[in-house]
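J.: Fold the following, please.
(2 chains)
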Amino acid sequence: MTQPVVEPLPSGTTLIHIGPYKTGTTAMQGALWAARPALAEHGVAYPGELAHEMNAAMAVALGRTDPGKDLAAFRQRWYDLVAQMRAARPRVGVLSSEVYCEATDEGARAVLDALGRQTHVVITVRPIVRLLGSQWQQYGQNVPVPSYAAWLRAVLDQAEAPDGGSVTPSFWQRHRHDRLVQRWVGLVGAERVTVIVVDDRDHRGLPAAFEGLLGLPAGLLQPPADKTNRSLTFPEATLMRALVERTSQPPWASADHGRFVRFGAARGLQAAPPDPAAERLLTPGWAIDRALEVGARMAEGIGRSGARIVGDLGLLSDRALAPAEGENAPVTGIDPAAAAALAVGVITKLTGVHPRPEPRELAGPVERAVWSRHRAVAEHGDAERARDGGRRAAARELARRVRRRWSAG
Amino acid sequence: MTARTTGGTTGTISRLHVPDAIAGMNAFAHPAWWHALEDERVRRDEDELPELTVVDAAGLPHDRTLLVVGPVAELLAEPTVAALEAWAAEVRGLHAAAPAPVHLAVSLDEVTCLEQVLTLAAGRRWPPFDAAAASAHTDADPVPPQSVPGGQQAARRYADALVAQVEVLLPPAWQTAADGAADATACISRALDTDPDLRPDQARAMREACRAVLAGLEADGVTISGPRDALLWPVPAERGLIPIDVAADAACEVLLGMLERPADLAPDRQVAVPVEELPARDLLARLRGRR
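T.: Below you'll find the model as predicted:
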């Protein structure tokens, strides 16, 4: 497939990739992260200690963090990242996080003020019709959501709602891509916004567009094979919803739900190979039609925004890109290996609770209980080592005295 | 609750009320069993409080009435909703009439000693976490294979897949992985009935009725601890598949098992969660009628 020719950003620019969600952000963050040494050789800095510094970005852009995380510490971390990037004096600095797409007015101002006037905003967009299933799954890993059909009906009915509507309002806050583009054009000017239209059939398209913007050799950015972010099968998604129904609300602590279910159980399912016999998620034909209509309206709005467009806006309403069409019959059973993967995700996450001297201040009750276990084991081991050390020292002293007595004799 | 001063510090001694064996509950609790303990914390007054034993329980935050129960099938005279509701009415009656609120401790092991009674009454699991035994293992040790009764092919596949996939991320965490694997597998095994008394649709309806009854008890102020999924009627595997609600129950049981099996580090470093705050009531309420 022909790669678009993209003019590189001027030297001294900071590129901020604001997502939105499910538009190839994880792949690009992985590619940038993996290529950091090579990027540095080409004068490009991608700061941080993680491929995606999500909580730092959330702290500044949204004024919150994931449950159990220290807001002030992560806000400071974001400013430290910016300072780290500046200190490298790069030709182009890069920040990437999909959470910027949801930035509050105050958060967006804080981000742009800190990055300065030479900031260039990159927005990746995909056909909305291809985002419906994955976003429903994503929500379902975090909060209770209606069935896919009910959710589709509610969400597609509220596509024009100015605040995103009442059911998962963040869907349209994230994915009215036209409004997102217009908002950031309003903040920084059309000349400082680039929209990349992602074509899922062309796996080199997105990295090639970034390589062009960053002035990098073709092929330098290689998105890693990501097995941890795969779509769930329909039975897996149903199972995840059943668990989230149980743990996402009080009296379960949100910190425990986030750590052990959202980032534990869900990851466990995604890390295991899908059951080939399990039905994938199907999108009803009426929903595909509605989503393509919304996509066409969004393409018009983006086209009018004046932002630079990389790729074909026609893809946003192209039926050839629609997902598998149909309606899933309800499922009540799941493959034992997939059921086990859910528990594995929880258990593996539990085993990662660090035996630090005190539990994390923001830890939930489950994490505190597990911390106490790990701490007790660590302290028991320390005590045993101290006892063994004492015994060995006493034995050495005894041997020394015996040797002295022998040599004196 | 009685405030006492011991050794220069003020501690609290709560009273644990343990009714004698009744309606399949507190099967261990007979006058002779208590008498054989010869423990000064145990008191019986046949005139004032017949068929009840009172235990001085240091560490319990409030007075409490303890009912130790096993699997639901052992509690019910017959596998019917009517029998289930009759049992719940019995518990509710005790809760209303007893000197202190009822705590329902699910225990699948026979009660054999007073410390076990006190542990269950505190909303903990027996045996308690053993740091010395846990420290004999490291993250390099494999999680042991899980035993599953013969004939449970779906549970066997579940257990094998689980053990094959679990990672122990930190050296002191082996016991956590082992307990999590055991709790999850046991939950699945308990839930899958290989010799059903009921048709599959009846069993599923009975399981939902059990959820609703437990939610109702909790709404009335009864607290529950232990592997509470044992109070849900077992259902058959679905053509080799695990029922989805059972798989979700098993993941919850892993979390509950940790919550109810913490380590006691020192008196000033308590991490145990009071039983009133255990995440059961709302949990069960949300599950009412769901599949």
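J.: could you show me where the strands are in the chain, in order?
T.: All of this refers to chain A. Taking DSSP state E as the test, the strands found in chain A are A:13-17, A:44-45, A:92-96, A:119-125, A:193-197, A:308-310, A:333-334.
J.: Sorry, I should have been clearer: chain B.
T.: So, for chain B - with DSSP E - the strands run B:2-6, B:9-19, B:42-45, B:49-58, B:64-69, B:102-106, B:223-225, B:242-243.
J.: Give the bridge partners for the residue in the stretch 101-250 of chain B that chain A sits nearest to, please.
T.: Residue nearest to chain A within the stretch 101-250 of chain B: B:L241 (3.1 Å; Cβ to the nearest Cβ). Using the backbone N, CA and C atoms, a C-beta is placed for each residue, glycine as well. B:L241 has these beta-bridge partners by DSSP bridges: B:E238.
J.: and it, what does it touch?
T.: Neighbouring residues of B:L241 by Cβ atoms under 8 Å, 6 or more residues apart in numbering or on different chains: A:333-336, B:154.
J.: So, low pLDDT: which residues of chain A?
T.: Along chain A, the parts satisfying pLDDT under 70 run over A:1-4, A:226-228, A:408-409.
J.: Recalculate using a threshold of 80.
T.: For chain A, applying pLDDT under 80 flags the ranges A:1-5, A:226-229, A:249-251, A:387-409.
J.: Report the closest residue of it relative to chain B.
T.: A:G333 (3.1 Å).
J.: The residue nearest to B:D197 when sequence neighbours are not counted - how many residues pack around it?
T.: In this structure, B:D197 finds its nearest non-sequential neighbour in B:P79, 5.0 Å apart by Cβ to Cβ, 6 or more residues apart in numbering or on different chains. Here the count is done by other Cβ atoms under 10 Å in any protein chain shown, and B:P79 has 17 residues near it.
J.: In this structure B:P79 contacts B:A73, no?
T.: Yes. With contact defined as Cβ atoms under 8 Å, B:P79 counts as touching B:A73 (7.1 Å).
J.: tell me which of the contacts of B:L241 is nearest to A:M298?
T.: The closest of the contacts of B:L241 to A:M298 turns out to be A:I334 (Cβ to Cβ; 36.0 Å).
J.: mind listing what the closest one touches?
T.: Per Cβ under 8 Å, 6+ apart, neighbours of A:I334: A:235-236, A:238-239, A:275, A:278, B:241-242, B:244, B:247.
J.: How about A:A51?
T.: The contact partners of A:A51, taken as Cβ under 8 Å, 6+ apart, are A:26, A:29-30, A:32-34.
J.: ok so, going back, export the strands of chain B as CSV, with columns for mean neighbour count and mean pLDDT.
T.: Putting the strands of chain B into CSV (neighbours: other Cβ atoms under 10 Å in any protein chain shown; pLDDT from 0 to 100) gives the following:
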stretch, mean neighbour count, mean pLDDT
strand B:2-6, 9, 39
strand B:9-19, 17, 79
strand B:42-45, 14, 92
strand B:49-58, 17, 92
strand B:64-69, 24, 98
strand B:102-106, 25, 97
strand B:223-225, 22, 96
strand B:242-243, 28, 97
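J.: Tell me the most packed of the contacts of B:L241, by neighbour count.
T.: Ranked by neighbour count (other Cβ under 10 Å), the contacts of B:L241 have A:I334 at the top, with 30 neighbours.
J.: okay, now A:R308: neighbour count?
T.: 17.
J.: Run through the bridge partners of the closest residue to it other than its chain neighbours.
T.: Spatially, and ignoring its direct neighbours in sequence, A:R308 is nearest to A:T194 (4.5 Å; Cβ to Cβ, 6+ apart). Beta-bridge partners for A:T194, by DSSP bridges, are A:V122, A:R308.
J.: Please report how far A:T194 lies from A:T26.
T.: Going from A:T194 to A:T26 by Cβ to Cβ, to the nearest Å gives 19 Å.
J.: More neighbours: which of these two?
T.: More crowded of A:T194 and A:T26, by other Cβ under 10 Å: A:T194, with 23 against 20.
J.: Spit out the contact partners of the more buried one.
T.: A:120-123, A:213, A:307-310.
J.: since we're on B:A247, how many residues are nearby?
T.: Residues lying near B:A247 (other Cβ under 10 Å) number 30.
J.: correct me, but it touches A:T238?
T.: No. Here B:A247 does not reach A:T238: they are 9.9 Å apart, not a contact under Cβ under 8 Å.
J.: Now do A:R183 against A:S305, distance only.
T.: Look at A:R183 and A:S305: by Cβ to Cβ, they are 10 Å apart.
J.: So those two - more neighbours on which side?
T.: Neighbours were counted for A:R183 and for A:S305 using other Cβ under 10 Å; A:S305 has more, 22 against 18.
J.: That one: what's it in contact with?
T.: A:S305 sits in contact with A:178, A:181-182, A:185, A:190, A:193, A:195, where contact means Cβ under 8 Å, 6+ apart.
J.: same check, this time on B:A209
T.: Residues near B:A209 by Cβ under 8 Å, 6+ apart: B:81, B:84, B:233.
J.: what's the burial count for the residue nearest to B:A248 when sequence neighbours are not counted?
T.: Spatial nearest neighbour of B:A248, chain neighbours left out: A:A242 (3.9 Å); criterion: Cβ to Cβ, 6+ apart. By the criterion of other Cβ under 10 Å, A:A242 has 25 neighbours.
J.: pretty sure A:A242 is touching B:I242, no?
T.: No. If you go by Cβ under 8 Å, A:A242 and B:I242 don't touch, sitting 11.6 Å apart.
J.: Does stretch A:266-277 reach chain B?
T.: Yes. Stretch A:266-277 is in contact with chain B by Cβ under 8 Å from any Cβ of the partner chain, via A:268, A:271-272.
J.: quick check, nearest of the residues you listed to B:E218?
T.: Using Cβ to Cβ, A:G268 is the member of the residues of stretch A:266-277 next to chain B that lies nearest B:E218, at 28.7 Å.
J.: for the closest residue in space to that closest one that isn't next to it in sequence, what are its contacts?
T.: Closest residue in space to A:G268, ignoring its immediate chain neighbours: A:G345 at 1.9 Å, by Cβ to Cβ, 6+ apart. Counting by Cβ under 8 Å, 6+ apart, A:G345 touches A:264-269, A:271.
J.: Compare the strands of chain B and give me the one nearest A:R130.
T.: strand B:242-243 (30.9 Å).
J.: Would you mind confirming that A:L152 is in contact with A:A287?
T.: Yes. Between A:L152 and A:A287 there is a contact under Cβ under 8 Å: 4.4 Å.
J.: can you list residues touching both of the two?
T.: In terms of Cβ under 8 Å, 6+ apart, A:L152 and A:A287 are both contacted by the residues A:L132.
J.: So for these two, which residue has more residues nearby?
T.: The neighbour comparison of A:L152 against A:A287 (other Cβ under 10 Å) goes to A:A287, with 24 against 21.
J.: quick one, what contacts that one?
T.: Neighbouring residues of A:A287 by Cβ under 8 Å, 6+ apart: A:132, A:152-153, A:156.
J.: Over to A:E7?
T.: Shown in contact with A:E7 (Cβ under 8 Å, 6+ apart): A:G212.
J.: what does the stretch 51-200 of chain B put close to chain A?
T.: Residues of the stretch 51-200 of chain B lying near chain A (Cβ under 8 Å from any Cβ): B:129, B:131-132, B:134-135, B:139, B:154-155, B:157-159, B:161-162, B:165-170, B:172-177, B:180-181, B:184, B:188.
J.: From those residues, list the buried ones, please.
T.: Among those, the ones that count as buried by 16 or more other Cβ atoms under 10 Å in any protein chain shown are B:129, B:131, B:134-135, B:154-155, B:157-159, B:161-162, B:165-166, B:168, B:170, B:172-177, B:180-181, B:184, B:188.
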